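Engineer: Build me a model from this:
(chains A and B)
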Amino acid sequence: MTAADEQQLILRVKEGSHEAFRVLVERYMKQAYNIAYGFVNNHDDAEDVSQESFVRVYESIRAFRGEAAFNTWLYRIVTNIALNRLRQRKRTNHSKVDFVDISSLPVSVDNHPVYAEETRSMLERTLHELPTLQRAVVTLRHLNGLSTKQVSDILRCSEGTVKTHLHRGLKKMKTKISFLQDEII
Amino acid sequence: MSKHSNTRDQLYDYVRNDLPPREHLIIEGHLIFCKSCNSEVKELENIIESTILPFALPSAERSSEFWQKFYVSIERKIQYREKLKPATSFWDDLLHLVIFRKRLVIGFSTLVLLLISVITIWRQGIPLSDMMKANSPSSLPAGPVEINQRMEEYFNKSKTLLVGITNMDLDDYSIVDFSSEQKVSRALVDETRFLQHQPIDVRSARLVGDLEKILIELANVKNENGRSNIEIIKSGIHRGNILFKVRMAESMYESSRFMNVNHTSQGDKR
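Structural biologist: Down below sits the predicted model:
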């Protein structure tokens, strides 16, 4: 789909076309879901956050002026809703992160899925422990492959800030993963 | 910021192959000579290898059925929200307009105020014109200048009439026709009644009152008793020194007319 086609689609959604809205949803739903998951670390919340984001898009599509790309605007909404969800979770002390309990896993380094599962769990745990902005940058840039420019537009900060936080976030993750791997061994 | 730290900021993008070709070449050139940046690159490659490559994206872990129903779930949420939304009142819409369309509201309010001002200023002129229209049949003077002119004419005509009456030779016993004097008197009585409602000075108002009595007498003179009535009127004129007073009043209004004309002409010259 070209940029012009997408603009036409958005115009039709503004006019109230459900069919056009459906096309937009199906185009961006998986990426929105991945971004949401990167923040909330569980499938239920990721589903909730990504669907809520599209509902917000539908309700405020008339306010979208096209100054930023549509996906930048969408991912900004996803990020904000996900961060709000994390704050609520922190307040209620209700952790719903799908961390794998490493101690319950069979000890088998030859069994790749288990080893991979452990590492993934470590990754999610270290991500969960990062400060908010570093976590957002790592999730968007590192885990979801968005460009530095796009991440800076979503988070409304400079590209330099994005690079700095990415560098620090990845360093911390590496340190923590090494530490956790040492613990397991 | 040094070139080295600039390069470090670019290393992640370099490893992910996200740099434009020119920048990519610059970094490659730098890496040939810089050991610390080289080890940084290797570290980043390890991180990417261990944190991204082995894992499927979270979206890939959901079934195709899940994605088929994804949009349906969104539609349901939208419909549910719309049912819950209370109907907006006129005041809610107005508040929304004021908050989100400030410029429009300011522009519209300015226009309305301007319109009200114009209408108010226009209506200020209406009462005067209405007064003029209401009093029209005898084309009333619009201001003091016209009143003065009418006063002058009134006193002039009254003077002429009174001079004629006082000079009337009534020794002759032939029948005298007073009809023309009566006609003039009646007209002057009408004029008297108009002038009595105008803003004139006290002395002139008193004189007009005295003249009214004489003019009414003259207007009611009957031809058969005319001689005796005229004698009575003549003695009244003499006793009150009416003719002298009328001459003085006429001069006064004539001179005020003269003054007005001079004032206007000087204003024009200016």
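Engineer: Please tell me how far the residue nearest the centre of chain A sits from chain B.
Structural biologist: Nearest residue to the geometric centre of chain A (C-alpha atoms, centre = their mean): A:I35, 2.0 Å. A:I35 is 9 Å from chain B, where distance means C-beta to the nearest C-beta, to the nearest Å. Bear in mind the C-beta positions are built from the backbone N, C-alpha and C, glycine included.
Engineer: Give the buried residues for the strand or helix carrying that residue.
Structural biologist: Element membership of A:I35 [criterion: DSSP states H and E] is helix A:18-40. Neighbour counts using 16 or more other C-beta atoms under 10 Å in any protein chain shown place A:20-21, A:23-25, A:27-40 of helix A:18-40 among the buried residues.
Engineer: What is the neighbour count of A:N80?
Structural biologist: Neighbours of A:N80 under the rule other C-beta atoms under 10 Å in any protein chain shown: 15.
Engineer: That one and chain B: what is the separation?
Structural biologist: In terms of C-beta to the nearest C-beta, A:N80 sits 17 Å off from chain B.
Engineer: my guess is the residue nearest to the centre of chain A meets A:N80, correct?
Structural biologist: No. Applying C-beta atoms under 8 Å, one finds A:I35 not in contact with A:N80, separated by 11.2 Å.
Engineer: Now for these two: what residues contact both?
Structural biologist: Common neighbours of A:I35 and A:N80, using C-beta atoms under 8 Å, 6 or more residues apart in numbering or on different chains, do not exist here.
Engineer: ok, the residue nearest to the centre of chain A - contacts?
Structural biologist: A:50, A:75, A:78-79, A:82, A:139-140, A:144.
Engineer: Report the two of those separated the most.
Structural biologist: Pairwise distances across those (C-beta to C-beta) peak at 14.2 Å, for the pair A:S50 and A:L140.
Engineer: Quick one: low-confidence residue ranges for the chain.
Structural biologist: This is for chain A. Along chain A, the model assigns pLDDT under 70 to residues A:93-119, A:179-185.
Engineer: that's the wrong chain, I wanted chain B
Structural biologist: By pLDDT under 70, the low-scoring segments of chain B are B:1-3, B:53-55, B:85-90, B:92-93, B:96, B:99-100, B:125-143, B:170-176, B:223-226, B:259-270.
Engineer: again, 50 this time
Structural biologist: B:1, B:134-142, B:268-270 (pLDDT under 50).
Engineer: Please name the spatially closest residue to A:G169 (chain neighbours excluded).
Structural biologist: Nearest-residue entry for A:G169: A:Q134, 3.7 Å, with adjacent residues in sequence omitted and distances by C-beta to C-beta, 6 or more residues apart in numbering or on different chains.
Engineer: wait, I meant B:K245
Structural biologist: B:L207 (5.3 Å).
Engineer: could you list every residue that touches the one you found?
Structural biologist: With C-beta under 8 Å, 6+ apart, B:L207 has these contacts: B:242, B:245-246, B:249.
Engineer: Flag every residue of the stretch 51-200 of chain B that's near chain A.
Structural biologist: B:51-52, B:54-55, B:57-59, B:61-62, B:67, B:70-71, B:73-75, B:77-78, B:81 (C-beta under 8 Å from any C-beta of the partner chain).
Engineer: 10 Å instead?
Structural biologist: B:51-52, B:54-62, B:66-68, B:70-78, B:80-82, B:85, B:100 (C-beta under 10 Å from any C-beta of the partner chain).
Engineer: could you flag which of the residues you listed are buried?
Structural biologist: Among those, those classed as buried by neighbour count (16+ other C-beta under 10 Å) are B:51, B:55, B:57-59, B:62, B:70-71, B:74-75, B:77-78.
Engineer: Sort out for me which of those residues are in helices.
Structural biologist: B:51, B:70-71, B:74-75, B:77-78 (DSSP state H).
Engineer: Distance to B:D201 added to those, as a markdown table?
Structural biologist: Shown next, in a markdown table, are these (distance: C-beta to C-beta, whole Å):
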| residue | distance to B:D201 |
| --- | --- |
| B:T51 | 109 |
| B:F70 | 98 |
| B:Y71 | 96 |
| B:I74 | 92 |
| B:E75 | 92 |
| B:K77 | 90 |
| B:I78 | 87 |
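Engineer: What residues does the closest residue to A:L155 other than its chain neighbours make contact with?
Structural biologist: Take A:L155 and drop its neighbours on the chain: the residue closest to it by C-beta to C-beta, 6+ apart is A:A136, 5.9 Å away. Applying C-beta atoms under 10 Å, 6 or more residues apart in numbering or on different chains to A:A136 gives the contacts A:35, A:38-39, A:79, A:82-83, A:130, A:151, A:154-155, A:157, A:162, A:165, A:169.
Engineer: so how far is A:E159 from A:A136?
Structural biologist: 14 Å (C-beta to C-beta, to the nearest Å).
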